[in-house]
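Asker: Show me how the following folds:
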Amino acid sequence: MIVLPTAIREAIFERAREGSPEEICGVLGGTHEPEGTSRVRSQYPADNVAENPRTRYEIDPEQQLAIFDRLEARGEEIVGFYHSHPHGPARPSDTDAALATWPDRSYVIVSLEPHKIGSWRWRASTDRDGADADGRFERERLVVD
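Answerer: Next up, the predicted model:
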């Protein structure tokens, strides 16, 4: 489960509206509780530097490192990432799944048409020999607090 404050949810929706028709993206900071609940405390917008920002997102690598430093300085953990689908559903696309790399982190996706928000955890997989294999997204409960 991920707990997302109302103010952060609204800020992400507003940014998605302003950024449309391109996808917006950013990092979510907060805490991971022992039973698996993630609590978002902050959101850090980032520039989308994807070659085609209308259909995919890529967080600017330099900004991402700076955000990670800010999170660490504030005593926060990387809870996950967010991005928008301006004209698509609030669920991971095939491209999202192919590019996901952060196991056990949340990927929050905002759709503008329809106006909706969803969250998924990326679960890494290993093959029989213990080598990395393709992972998968698992839908997680999103609670707006």
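Asker: What strand or helix carries residue 57?
Answerer: Here residue 57 is covered by no helix or strand, with elements defined by DSSP states H and E.
Asker: okay, now it: neighbour count?
Answerer: For residue 57, the count of nearby residues is 25 (other CB atoms under 10 Å). Where C-beta positions appear, they are placed from N, C-alpha and C, glycine not excepted.
Asker: which sections of the protein are below the confidence cut-off?
Answerer: 125-134 (pLDDT under 70).
Asker: for it, what's the longest strand?
Answerer: strand 115-126 (DSSP state E).
Asker: Pull up the pairing partners for it, direction included.
Answerer: Applying DSSP bridges, strand 115-126 is found paired with strand 106-112 (antiparallel), strand 132-139 (antiparallel).
Asker: which residues are in contact with the strand or helix carrying residue 78?
Answerer: Secondary structure assigned from DSSP H and E places residue 78 in strand 77-85. The contact list for strand 77-85 (CB atoms under 8 Å, 6 or more residues apart in numbering) reads 2, 12, 15-16, 19-20, 23-32, 38-40, 43, 48, 57, 59, 68, 71, 93, 96, 102, 105-112, 119.
Asker: Buried members of the residues you listed into PyMOL, please.
Answerer: Filtering those down to the buried ones (16 or more other CB atoms under 10 Å) takes a single PyMOL command:
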select buried, resi 2+12+15+16+19+23+24+25+26+27+28+29+30+32+38+39+40+43+48+57+59+71+96+105+106+107+108+109+110+111+112+119
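Asker: Among the contacts of strand 77-85, which ones are in strands?
Answerer: Short answer: these in strands (DSSP E) are 2, 25-32, 38-40, 43, 106-112, 119.
Asker: Send me the longest strand of the chain as CSV with only the CA atoms.
Answerer: Output of strand 115-126 as CSV, limited to C-alpha atoms (Å, rounded to 0.1, in the frame of the first residue of the first chain):
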residue,chain,number,x,y,z
HIS,A,115,-9.0,11.8,-14.6
LYS,A,116,-7.6,9.0,-12.4
ILE,A,117,-4.5,7.9,-10.4
GLY,A,118,-3.1,4.5,-9.8
SER,A,119,0.0,2.9,-8.2
TRP,A,120,2.0,-0.2,-8.9
ARG,A,121,5.0,-1.8,-7.3
TRP,A,122,7.8,-3.1,-9.5
ARG,A,123,8.8,-6.6,-8.4
ALA,A,124,12.1,-7.9,-9.7
SER,A,125,12.3,-11.5,-10.7
THR,A,126,15.1,-14.1,-10.8
